[in-house]
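Engineer: mind folding the following:
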Amino acid sequence: MFKLIVVGTVVALASAVERAHPISAEMTSTINSRTASWVAHTPETNPLRHLSREQLLELVSTNVPAPRFEIDESEPITAVPTNFDPRTDATWKNCIHPIRDQQQCGSCWAFGSSEALSDRFCKAGKNVILSPQDSVSCDYNNYGCDGGYINLAW
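Structural biologist: Predicted structure coming up:
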């Protein structure tokens, strides 16, 4: 009977470790050690703490196609700066928009594409906030809340 209890406990612990929640104290500590510009939530205060691992994975629904590189030689490539902070850069500081929440919808592809395009508009002098909901509801090349391709959204 004792062996059965030990085996059952080991199986239960192995299952729990395999399905451990991805938001951990170790992850938070690692993130916080690598950045000084913001602080990650602890597992206890994280607004996603109530979601299961499977529910969290459903929120990460960007499909990334195999890269196809096309080189545009009409515009020369300039040097990349060693650091960049859009909050203090004269061109970008007015382009910082509030963070938005996709809730239970796997629409990060729509948020990413609309934010990137609104940044391009802002850099060109027209500060707008574009709606990811338009892409989620009306882009029939993608899958709404079930994921999508950023390149197809563009």
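Engineer: next, the residue most central in space within the chain: phi, psi?
Structural biologist: For the chain, residue 108 is the residue whose C-alpha lies nearest the centre (CA atoms, centre = their mean; 6.3 Å). When read as degrees, to the nearest 10, the backbone of residue 108 gives phi -60, psi -30.
Engineer: ok, it to residue 152 distance?
Structural biologist: Per CB to CB, to the nearest Å, residue 108 is found 14 Å from residue 152. Glycine gets a C-beta too; all of them are placed from N, C-alpha and C.
Engineer: check contacts around residue 141.
Structural biologist: By CB atoms under 8 Å, 6 or more residues apart in numbering, the contact set of residue 141 is 148-149, 152-153.
Engineer: which of these count as buried?
Structural biologist: With burial judged by 16 or more other CB atoms under 10 Å, the buried subset of the contacts of residue 141 is 148-149, 153.
Engineer: which members of the residues you listed occur in helices, if any?
Structural biologist: Judged by DSSP state H, helices contain the following of the buried ones among the contacts of residue 141: residue 153.
Engineer: how about the buried ones among the contacts of residue 141 in JSON lines, adding distance to residue 118?
Structural biologist: Below are the buried ones among the contacts of residue 141 laid out as JSON lines (distance: CB to CB, whole Å):
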{"residue": "148", "distance to residue 118": "17"}
{"residue": "149", "distance to residue 118": "19"}
{"residue": "153", "distance to residue 118": "13"}
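Engineer: could I get the buried ones among the contacts of residue 141 as JSON lines with distance to residue 122 and pLDDT?
Structural biologist: Output for these, formatted as JSON lines (distance: CB to CB, whole Å; pLDDT from 0 to 100):
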{"residue": "148", "distance to residue 122": "23", "pLDDT": "88"}
{"residue": "149", "distance to residue 122": "24", "pLDDT": "85"}
{"residue": "153", "distance to residue 122": "18", "pLDDT": "84"}
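Engineer: so how far is the helix or strand where residue 114 lies from its chain's centroid?
Structural biologist: Assigned by DSSP states H and E, residue 114 belongs to helix 108-123. The chain centre lies 13 Å from the centre of helix 108-123; the measure is CA atoms, centre = their mean, to the nearest Å.
Engineer: contact partners of that helix?
Structural biologist: Applying CB under 8 Å, 6+ apart, the external contacts of helix 108-123 come out as 59-63, 91-92, 94-95, 97, 100, 102, 127-136, 139, 142, 147-150, 153-154.
Engineer: buried only: go through the residues you listed for me.
Structural biologist: Buried members of these, counted by 16+ other CB under 10 Å: 59, 61-62, 95, 102, 130, 132, 135-136, 139, 142, 147-150, 153.
Engineer: no more questions from me, cheers.
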